[in-house]
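Engineer: My questions concern the predicted model and sequence given below.
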Number of protein chains: 2
Amino acid sequence: MQLLKDRILKDGRVLEGNILKVDNFLNHQIDVQLFNEMGKELKKRYEGTEITKILTVEVSGIAIAAIVAQHFNVPVVFAKKYAGRNMDADSFETDVYSYTKDATYKVRVSKKYINENDSVLLIDDFLANGNALLGLVDIASQAGAKIAGAGIAIEKAFQKGRKLVEEKGVRVESLAIIEKMEDRQITFK
Amino acid sequence: MQLLKDRILKDGRVLEGNILKVDNFLNHQIDVQLFNEMGKELKKRYEGTEITKILTVEVSGIAIAAIVAQHFNVPVVFAKKYAGRNMDADSFETDVYSYTKDATYKVRVSKKYINENDSVLLIDDFLANGNALLGLVDIASQAGAKIAGAGIAIEKAFQKGRKLVEEKGVRVESLAIIEKMEDRQITFK
């Protein structure tokens, strides 16, 4: 998706450790018009595919999922990382390793909000090593839900995430695929 | 806002400790169409008020803010609770106490994304004791930004939040105001 690629080149910054900083439009400050275009594009790519629900994970996936969901006209469910007092005890649970935080945490979805009648679209901001997305795949599988596919804003194709997710039989659609980041230069696929 | 009140009566549950559980449409599963109507209503209430940015806080404010922002056509900035590796060191910071998690945590906004030229609308899902909203007021004040007001989905009028926020000179617009929750019965103002 050219609009997103252009924006990454304009505003993204490559930090040490292959971290791409896009916090001025994607995950701290949010450009809702850009997200709206991302929603249109994902709707086009998944045209004809049954989708009953959008599943994402705290935190950075939520805003994208909310705006994308308007184009599919389905509810969003977000997996919770830090379960508060009012979280259902009866939930699907999985472990996710976060590279940017160097920590493993549990994510949970109440059993009330995903079940075997659902066909879910998984949404996240990044696909790199695939940890968050594999967590969502695991939760959807525990629920017996069909996985319609994944919709990702930015994929780092030089990491193993896509391979691992596709091995689970899940279709992956990424809106900007980065082939390499070298010497702070971003090259798209 | 009648649509939201009806939904709270239909799907909300009152738990011990005056906790209102609305996780099937507001903060775990999200009804994006309802959020869209909430955005329209807030746009109407703030008609004629200059708003350059929407400011919210992780986690439950994000989805509402993202959809509301489409009606104001401005970016969203969300204060981050758990700063990862790629958070700007140069940020405004404040402490927020969470009642549902019984913990105090820091929230931060990069200085790049809010400044004295902004007129911000503060968005959150709940207003009860006002801790999260006062945190956002503090951050906006540190930045020298104007505060256009606050837009809240559900206010618990029997707690002190509105009073504390209004004492800071901030206009508060809540879409559903709960006067009391007794014997698991919800009464709106």
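Structural biologist: Yep, that arrived. Numbers count the residues shown, from 1 in each chain, chains lettered A, B, ... in the order given.
Engineer: Just the CA atoms of the longest helix anywhere in chain A, as PDB, please.
Structural biologist: Ranked by residue count, the top helix of chain A under DSSP state H comes out as helix A:32-45. C-alpha atoms of helix A:32-45 as PDB (Å, rounded to 0.1, in the frame of the first residue of the first chain):
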ATOM      1  CA  VAL A  32      -6.800   8.200  11.800                       C
ATOM      2  CA  GLN A  33      -7.200   9.100   8.100                       C
ATOM      3  CA  LEU A  34      -4.300   6.800   7.200                       C
ATOM      4  CA  PHE A  35      -5.900   4.100   9.300                       C
ATOM      5  CA  ASN A  36      -9.100   4.600   7.400                       C
ATOM      6  CA  GLU A  37      -7.300   4.000   4.100                       C
ATOM      7  CA  MET A  38      -5.700   0.900   5.600                       C
ATOM      8  CA  GLY A  39      -9.200  -0.300   6.500                       C
ATOM      9  CA  LYS A  40     -10.400   0.200   2.900                       C
ATOM     10  CA  GLU A  41      -7.400  -1.700   1.600                       C
ATOM     11  CA  LEU A  42      -7.800  -4.700   3.900                       C
ATOM     12  CA  LYS A  43     -11.500  -4.800   3.100                       C
ATOM     13  CA  LYS A  44     -10.500  -5.000  -0.600                       C
ATOM     14  CA  ARG A  45      -8.000  -7.800   0.000                       C
END
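Engineer: Show residues contacting it.
Structural biologist: Residues from elsewhere that reach helix A:32-45 (CB atoms under 8 Å, 6 or more residues apart in numbering or on different chains): A:1, A:3-4, A:7, A:25, A:63-64, A:67-72, A:121, A:123, A:151, A:153, A:173, A:175, B:66, B:69-70, B:73-76. Every C-beta, even on glycine, is put in place using the N, C-alpha and C of the backbone.
Engineer: how about that helix: buried residues?
Structural biologist: A:32, A:33, A:34, A:35, A:36, A:38, A:39, A:41, A:42, A:43 (16 or more other CB atoms under 10 Å in any protein chain shown).
Engineer: quick one, helices of chain A?
Structural biologist: Using DSSP H, helices in chain A cover A:2-11, A:32-45, A:61-72, A:131-142, A:161-167.
Engineer: quick one, what contacts residue A:18?
Structural biologist: If you count contacts by CB under 8 Å, 6+ apart, then residue A:18 has A:128, A:156, A:158, A:159, A:181 around it.
Engineer: If I look at it, what pLDDT would I see?
Structural biologist: Note on residue A:18: pLDDT of 80.
Engineer: number of nearby residues for the nearest residue to residue A:160 once chain neighbours are set aside?
Structural biologist: In space, and not counting its chain neighbours, residue A:160 is closest to residue A:129: 6.1 Å by CB to CB, 6 or more residues apart in numbering or on different chains. By other CB atoms under 10 Å in any protein chain shown, 16 other residues sit near residue A:129.
Engineer: Isn't residue A:129 up against residue A:162?
Structural biologist: No. Checked against CB atoms under 8 Å, the pair residue A:129 and residue A:162 is beyond contact range at 10.2 Å.
Engineer: deepest of the helices of chain A, which one?
Structural biologist: Highest mean neighbour count among these (mean count of other CB atoms under 10 Å in any protein chain shown): helix A:61-72, with a mean of 26.
Engineer: how far does stretch A:155-172 stretch from start to finish?
Structural biologist: End-to-end span of stretch A:155-172 (CA to CA, to the nearest Å): 10 Å.
Engineer: quick one: which of the helices of chain A is nearest residue B:102?
Structural biologist: With respect to residue B:102, and counting by CB to CB, the nearest of those is helix A:61-72 at 23.2 Å.
Engineer: does chain B sit close to that closest one?
Structural biologist: Yes. Helix A:61-72 comes into contact with chain B (CB under 8 Å from any CB of the partner chain), by way of A:62, A:63, A:65, A:66, A:67, A:69, A:70.
Engineer: what packs against that helix?
Structural biologist: If you count contacts as 3 or more CB pairs under 8 Å, 6 or more residues apart in numbering or on different chains; DSSP states H and E, helix A:61-72 packs onto helix A:32-45, strand A:53-57, strand A:76-79, strand A:119-127, helix B:32-45, helix B:61-72.
Engineer: and the angle from it to strand A:119-127?
Structural biologist: 140 degrees (axes from the mean of the first three to the mean of the last three CA atoms, to 10 degrees).
Engineer: Just the residues contacting helix A:61-72, thanks.
Structural biologist: Residues contacting helix A:61-72 (CB under 8 Å, 6+ apart): A:26, A:30, A:32, A:35-36, A:38-40, A:42-43, A:46, A:51, A:54-56, A:75-76, A:78, A:121, A:123-125, A:132, A:151, A:153, B:30, B:32, B:35-36, B:59, B:62-63, B:65-67, B:70, B:76, B:78.
Engineer: Identify the bridge partners of the residue nearest the centre of chain A.
Structural biologist: For chain A, the residue nearest the mean C-alpha position is residue A:124 (1.1 Å; CA atoms, centre = their mean). Beta-bridge partners recorded for residue A:124 (DSSP bridges): residue A:152.
Engineer: close enough to count as contact, it and residue A:58?
Structural biologist: No. If you go by CB under 8 Å, residue A:124 and residue A:58 don't touch, sitting 10.6 Å apart.
Engineer: that older thread, can you lay out the helices of chain A as TSV showing mean pLDDT?
Structural biologist: Converted to TSV, these look like this (pLDDT from 0 to 100):
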stretch	mean pLDDT
helix A:2-11	98
helix A:32-45	98
helix A:61-72	98
helix A:131-142	98
helix A:161-167	98
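Engineer: Rebuild those as CSV, extending it with distance to residue A:91.
Structural biologist: Converted to CSV, the helices of chain A look like this (distance: least, CB to CB, whole Å):
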stretch, distance to residue A:91
helix A:2-11, 33
helix A:32-45, 27
helix A:61-72, 18
helix A:131-142, 9
helix A:161-167, 22
